[in-house]
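Undergrad: Here's my sequence, what's the structure:
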Amino acid sequence: MSDPFTISVVQAALDSAAEEMFEVLRKTAMSPIIYEVLDVGTGITAADGELVSSGAGIPSFVGVLDKSVKAILAKQGDRIAEGDVFLTNDPNFGGVTHLNDVVVAEPVFYDGACVAWVASIAHWGDIGGSTPGSMATDVTGIVAEGLRLPIVRLFDKGTRNAAVADIIASNSRLPDFVTGDLWAQVSAGRRAAGLIRALCARYGAATIRAAIEDAHDTGRARALQGLAALPRGSFDVEGPQDDGTVWKARITIAEDRFVVDLRDAPDQSNGPFNTCRDGALVACQILFKALTDPERYANAGSFSPLEVLTRPGSLFDPSPDAAHGYYFETRIRLIDMLWRGLVEKAGVDLPAGSFASIFGVVIAGTHPVTGRRYTMVEPQMGGWGATPERAGNDAMFSTNHGDTFNCPVEVAEARYGFEVLAKHLGEARPAPGERAGGRGVHTRYRMQGPAVMSAGFSHGTVPVWPLPGATEGGLNALILERDDAERPQPTFVSKLALRAGDEVEIATARGGNARARDGGPPREARSG
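TA: Here you go, the predicted structure:
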């Protein structure tokens, strides 16, 4: 058995490999959604697919990669060989999210045995389907959403399968971009794989395995320590939704278990609003990590006390033909409901509700100057909730989006066919004696040529919830201004034709307010 110092060095090196993987992907990708917004995730798993370490990026993406590797292992088994590289984007085969998010995974062999896997996931700007950007809201099945990759080999024992790359390029409206992003992911994986093989050569494969096992033990210990600070019991929680339904769940907190029972969820949606069972698990993992161990440290052990129960045929465990294009809004609404329930029913000390939406906006067209096709894909920033001690944070990404960034105005105007007219903070509206929820962001685009827009957001009719006794937060909104008339858009819209001169305003909600602990006047009674 290796000494603790060596174990620590190897664990740090595995974390570093995941980070280097992330940097290679960021610096070599073709699409701004990857290299500017960082709509990606990178990770390293053990040979059995259990998460070991992760790079920066989207928290919910990190939770995808171990599940993708396990799906590959389940399907390919002993047929996996050195030099293989696998692709998947299908939620039914380890893709977990929607078809735009493509996983590239590679087994790492040393002395003839698999010692680890390296994997990445990235949002591609177009993967086919019925609308530019591949995020239609009017589809009823996954086959209409784009090209499905149900675990395929891009490399077979080191030999490139050119047909797979050709099929991908032929099914995208942005063939150069998806091809470039694909090879950026492959290159990132190869970088991390090389680093892991070098670790094996220096310390031995047995030491690598021991370091992984020790890290998992540490992750579980940290999770149990955080779990011990939570209240015990079963709590029935619910959350009203924009469509008039009310979601319900039960959270049971025990000494060594945190159980989320989602079996009372609505039936699966006929539209693209489902999230697969693994996706529901990822949402619960995000919440569990925030509650028990909010530091960056994360691996399979970090989630071992968590159990999630779902019902086949429901919104959180749909049938294989269900559409998933806007899974992210369902997933973040699930976190929002559980978060609110823990505050109101269990008395857990958490901030008020946030704008709780990815608010993904897709604008696709042909650049009027360069003549090149483009697809702008960008999540939005909004207000987070207040606590009794402080105001909420302004202009933050959602719980699901972590280490992401907005695309700089200069890059957006160079790459896309519109001008950015304005980007400013909204208002904070606390009542006397309240801390203010964080301010949302108003962004306004003017189209330079025709384009097509898709978008989806939550809290369009149900306001952001406050802490008990305080006033509500705001609403998210999308407005099209044409011919000097404002036309508010529904919470989910796609194939919306835009004309040159049209202006699009995205307005994200302010966070929920909180009563000041001392009952005094709010220090942050701001207006923007």
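Undergrad: When you work out contacts or count neighbours from here on, use the C-alpha atoms and nothing else.
TA: OK.
Undergrad: in the stretch 1-150 of the chain, which spans are helices?
TA: 4-28, 32-35, 59-76 (DSSP state H, counting those that start in this stretch).
Undergrad: Oops, could you answer that again for the chain instead?
TA: Counting by DSSP state H, the segments of the chain that form helices are 4-28, 32-35, 59-76, 162-170, 175-203, 205-227, 277-292, 327-346, 409-415.
Undergrad: mind putting those in a markdown table, distance to Pro240 and mean pLDDT included?
TA: Formatted as a markdown table, the helices of the chain follow (distance: least, CA to CA, whole Å; pLDDT from 0 to 100):
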| stretch | distance to Pro240 | mean pLDDT |
| --- | --- | --- |
| helix 4-28 | 37 | 95 |
| helix 32-35 | 31 | 93 |
| helix 59-76 | 23 | 91 |
| helix 162-170 | 40 | 97 |
| helix 175-203 | 38 | 97 |
| helix 205-227 | 27 | 96 |
| helix 277-292 | 18 | 95 |
| helix 327-346 | 8 | 97 |
| helix 409-415 | 36 | 93 |
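Undergrad: Compare those helices and give me the one nearest Ala300.
TA: Closest to Ala300 of the helices of the chain is helix 205-227 (CA to CA; 6.0 Å).
Undergrad: between the closest one and helix 4-28, how big is the angle?
TA: Relative orientation of helix 205-227 versus helix 4-28 (axes from the mean of the first three to the mean of the last three CA atoms, to 10 degrees): 90 degrees.
Undergrad: Buried residues of helix 205-227, list them for me.
TA: Neighbour-count burial for helix 205-227 flags 205, 207-224, 226-227 (criterion: 16 or more other CA atoms under 10 Å).
Undergrad: what's the answer for stretch 391-411, then?
TA: By 16+ other CA under 10 Å, the buried positions in stretch 391-411 come out as 391-407.
Undergrad: Could you do stretch 370-378 as well?
TA: Quick answer for stretch 370-378 (16+ other CA under 10 Å): Tyr374, Thr375, Met376, Val377, Glu378.
Undergrad: who's the third one bridged to?
TA: Beta-bridge partners recorded for Met376 (DSSP bridges): Ile363.
Undergrad: give the contact list for it.
TA: Contact analysis of Met376 by CA atoms under 8 Å, 6 or more residues apart in numbering lists Ile33, Gly125, Val361, Val362, Ile363, Ala364, Tyr416.
Undergrad: CSV for those residues, including neighbour count?
TA: CSV is the format used below for the contacts of Met376 (neighbours: other CA atoms under 10 Å):
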residue, neighbour count
Ile33, 25
Gly125, 29
Val361, 21
Val362, 23
Ile363, 25
Ala364, 26
Tyr416, 23
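Undergrad: what's the spatially most central residue of the chain in contact with, if anything?
TA: Of all residues in the chain, the one closest to the mean position by CA atoms, centre = their mean is Ser60, 4.1 Å from it. Applying CA under 8 Å, 6+ apart to Ser60 gives the contacts Val282, Ala283, Ile286, Asn400, His401.
Undergrad: Averaging pLDDT per element, find the lowest-scoring helix or strand in this protein.
TA: strand 51-57 (a mean of 84; mean pLDDT, DSSP states H and E).
Undergrad: That strand pairs with which strands, parallel or anti?
TA: strand 40-46 (antiparallel).
Undergrad: got the angle for the strand it pairs with vs helix 175-203?
TA: Going by the same axes, to 10 degrees, strand 40-46 makes 30 degrees with helix 175-203.
Undergrad: Name the surrounding residues that touch strand 40-46.
TA: With CA under 8 Å, 6+ apart as the test, strand 40-46 has contacts from 14, 18-19, 21-22, 34, 51-59, 61-62, 65-66, 69, 115-123, 209, 212.
Undergrad: Next: stretch 30-37.
TA: For stretch 30-37, the external contacting residues (CA under 8 Å, 6+ apart) are 25-29, 39-40, 122-125, 177-178, 180-181, 376-378, 404-408.
Undergrad: Name the nearest residue to Gly382, ignoring sequence neighbours.
TA: Spatially, and ignoring its direct neighbours in sequence, Gly382 is nearest to Gly440 (4.0 Å; CA to CA, 6 or more residues apart in numbering).
Undergrad: what number of residues lie near that neighbour?
TA: By other CA atoms under 10 Å, the residues close to Gly440 number 31.
Undergrad: same check, this time on Gln11
TA: By other CA under 10 Å, neighbour count at Gln11 equals 20.
Undergrad: was I right about it contacting Ala211?
TA: Yes - using CA atoms under 8 Å, Gln11 is in contact with Ala211, at 6.0 Å.
Undergrad: Show me where the stretch 301-450 of the chain dips below the pLDDT cut-off.
TA: For the stretch 301-450 of the chain, no stretch is flagged by pLDDT under 70.
Undergrad: And the strands in it, which stretches?
TA: 306-309, 360-366, 373-378, 418-425, 434-435, 441-447 (DSSP state E, counting those that start in this stretch).
Undergrad: will you turn these into a markdown table that also has distance to Asp78?
TA: As requested, the strands of the stretch 301-450 of the chain are exported to a markdown table (distance: least, CA to CA, whole Å):
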| stretch | distance to Asp78 |
| --- | --- |
| strand 306-309 | 29 |
| strand 360-366 | 40 |
| strand 373-378 | 39 |
| strand 418-425 | 51 |
| strand 434-435 | 58 |
| strand 441-447 | 51 |
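Undergrad: Surely Ser454 touches Pro490?
TA: No - under the criterion of CA under 8 Å, Ser454 makes no contact with Pro490, lying 10.8 Å away.
Undergrad: Of the two, which one has the most company?
TA: A direct count of neighbours by other CA under 10 Å for Ser454 and Pro490 places Ser454 higher, at 23 against 15.
Undergrad: looking at it, Glu481 is touching Gly501, isn't it?
TA: No - in this structure, Glu481 is not within contact of Gly501 by CA under 8 Å, at 9.1 Å.
Undergrad: quick one: the nearest residue to Pro132 once chain neighbours are set aside and Pro488, what's the gap?
TA: Closest residue to Pro132 apart from its sequence neighbours, by CA to CA, 6+ apart: Ala364 at 5.9 Å. Distance of Ala364 to Pro488, computed by CA to CA, to the nearest Å: 20 Å.
Undergrad: try His98
TA: 27 Å.
Undergrad: Neighbour count: those two, which is higher?
TA: His98 (29 against 13).
Undergrad: what's that one in contact with, if anything?
TA: Going by CA under 8 Å, 6+ apart, His98 touches Asn89, Asp90, Pro91, His324, Gly325, Tyr326, Tyr327.
Undergrad: Just the closest of those residues to Glu255, please.
TA: The closest of the contacts of His98 to Glu255 turns out to be Tyr327 (CA to CA; 31.9 Å).
Undergrad: From what I see, the closest one and Thr97 are in contact.
TA: Yes - using CA under 8 Å, Tyr327 is in contact with Thr97, at 6.6 Å.
Undergrad: Give the intersection of the neighbour lists for the two.
TA: With CA under 8 Å, 6+ apart as the test, Tyr327 and Thr97 both reach Thr275.
Undergrad: Any idea how many residues pack against the closest residue to Phe93 other than its chain neighbours?
TA: Take Phe93 and drop its neighbours on the chain: the residue closest to it by CA to CA, 6+ apart is Pro150, 5.4 Å away. The number of residues packed near Pro150 is 18, by other CA under 10 Å.
Undergrad: Run through the residues that contact Pro150.
TA: Leu87, Thr88, Asn89, Asp90, Asn92, Phe93, Gly94.
Undergrad: got it, and Thr252?
TA: Arg232, Gly233, Ser234, Phe235, Phe258, Val259, Val260.
Undergrad: Kindly report the same for Arg153.
TA: Counted by CA under 8 Å, 6+ apart, Arg153 has contacts Asp84, Val85, Phe86, Leu87, Asn161, Val164.
Undergrad: Okay, the fifth one and Val85: tell me how far apart.
TA: Counting by CA to CA, the gap between Asn161 and Val85 amounts to 10 Å.
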